[in-house]
Every structure is written in C-alpha cells, then in structure tokens.
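*Asks:* would you be able to build a 3D model of this:
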Amino acid sequence: MDIVEFHSGFRFTVAFDGINRAAFTEFTLPSLQVETMDIKEGGQNAYVHKMPVRVNVGTATLRQGITRDLTLLNWYLQVMQGDLANAFRQVSVIMYDVQREPVCTWNFRNAYPIKWTGPTLKSDQNAVAIEALEFVHHGFEVN
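*Replies:* Predicted coordinates:
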C-alpha cells in the first residue's frame, strides 16, 4: 500500500523566463474543465450523451505585496500599450517540500497578463498592500 504524502501550499517560488522571484504571497492555478456537447439519442429517454468537445483552461493569478519593483505592473502595461509580441513570458511555479526539495513544477508557455489589480488602501487597517496579476497562457506542463 502506497503512503500518500500531502504537501503544504506555502513553499513556492515563481520564475519569469528563468529568473526566480520568491516574494509572492499567493498563486492560484487555472481551473481545467472539459466542454461537452449534448447528443440526444432517439428512443433513449433515460439520459443524454455528453461528448467531450474541448478543454477550457482558466486563468492563473499571482498576488504579492506592493514593493518598489514594478515588474508585474510593467508587464501588464506592455500588453495594454499593444506590445503583445514582446510580452509573452515563460512562467514557472515550483512547489517545495519541508526539506526545500521541488515537489512539482508548473511551466506555462507564452503567458501574458490580462488583468492587473492594485491594492485597496484603507487608513483604518494595518494590512499589507497586495497587487494581483491575472494571466493566460498557451499551454502548460506539470513536472
């Protein structure tokens, strides 16, 4: 019987085009969903056949505390200004175990941002100011 080992989700780094950045507070992986088409078979009234059509891959989101480093905002601005040809990046997210050994790596090809969200600034709270960047990609691999 194999023992299933679970890992904490707070040990991870993010790399853009091979340059590691470890300051992210959160990374949300994209959802995966198979789109289906209903096929109604004549004489079969108990159920409808659901045939797979394509896989819809959702967006991924990075969150980090605001710093003087404007890398995420500048990446988004590159797309907003129409420089999509130079905005494609390889984004890699590496999750580690307690011994800091890699457990899993997600490599996103040709990623580019579609949404940047700035922090909510409130004078009555002592919370870290967080920026978020949502990106799409043209496929990913898991190692």
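
*Asks:* so which bits of stretch 83-95 are buried?
*Replies:* For stretch 83-95, a neighbour-count test (16 or more other Cβ atoms under 10 Å) marks 87, 89, 91-95 as buried. The C-beta positions use only the backbone N, C-alpha and C, and glycine is treated the same way.

*Asks:* from the residues you listed, which two are the most distant?
*Replies:* Within the buried residues of stretch 83-95, A87 and M95 form the most distant pair, 25.7 Å apart (Cβ to Cβ).

*Asks:* center of this structure - which residue?
*Replies:* A centroid search over the chain (Cα atoms, centre = their mean) returns A60, at 2.2 Å, as the residue closest to the centre.

*Asks:* how much space between it and T105?
*Replies:* Distance of A60 to T105, given as Cβ to Cβ, to the nearest Å: 14 Å.

*Asks:* ok, G118 to Q125 distance?
*Replies:* Plainly put, G118 is 15 Å away from Q125 if you go by Cβ to Cβ.

*Asks:* looking at the two now, which is surrounded by more residues?
*Replies:* Legend: neighbour count by other Cβ atoms under 10 Å for G118 and Q125, higher for G118 (11 against 8).

*Asks:* which element, helix or strand, includes the residue lying closest to the more buried one once chain neighbours are set aside?
*Replies:* Nearest non-adjacent residue to G118, counting by Cβ to Cβ, 6 or more residues apart in numbering: E131, 5.7 Å away. Following DSSP states H and E, one finds E131 within strand 130-136.
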